[in-house]
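Peer 1: sequence? don't have it. structure:
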């Protein structure tokens, strides 16, 4: 394993992970609306739907979909010793990329969401 992969894996291990449902500080639950893994960052709900041929990131602000116009995201997938990176772009109300991805249960994902070239959130997921 390369040092960069080891450091990324270590960072994921000590960071928070996403669960299928959680509660916000204000008491409302965040639940998957599209069958993915959910996490919260900076009061925004993120849902990652990971399939072998497509990755989709849905974003909601207190239950209302966010417009992804002008946004992008870099995703790093870690599955065992394999590391993949991809860029998600706006498609029909979400950020998305198609390709070939290793998304087995237990895989980790780190998503850096940007707007106007600036990172607005970093979100971590553990895939089911």
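Peer 2: Now that the structure is in, tell me what you want to look at. Since the model is a prediction, treat every value here as computed from it, not as a measurement.
Peer 1: got phi/psi on residue 36?
Peer 2: As for residue 36, its main-chain torsions (degrees, to the nearest 10) stand at phi -100, psi -170.
Peer 1: for residue 121, give the beta-bridge partners.
Peer 2: Listed beta-bridge partners, residue 121: residue 113 (assigned using DSSP bridges).
Peer 1: my error: substitute residue 46 in the last question.
Peer 2: Those that pair with residue 46 in a beta bridge, by DSSP bridges, are residue 39, residue 59.
Peer 1: quick check, pLDDT for it.
Peer 2: Confidence at residue 46, expressed as pLDDT, is 97.
Peer 1: same question for residue 101.
Peer 2: At residue 101, the pLDDT value in this model is 96.
Peer 1: show me what contacts it?
Peer 2: 50, 51, 52, 53, 54, 55, 77, 84, 86 (Cβ atoms under 8 Å, 6 or more residues apart in numbering). Yep, even glycine has a C-beta here, placed from its N, CA and C like the rest.
Peer 1: part of a helix, is it?
Peer 2: No. Counting by DSSP: H, G, I helix; E, B strand; the rest coil, residue 101 is located in no helix; its state is coil.
Peer 1: do you know how far it is from residue 127?
Peer 2: When Cβ to Cβ, to the nearest Å is applied, the distance between residue 101 and residue 127 equals 10 Å.
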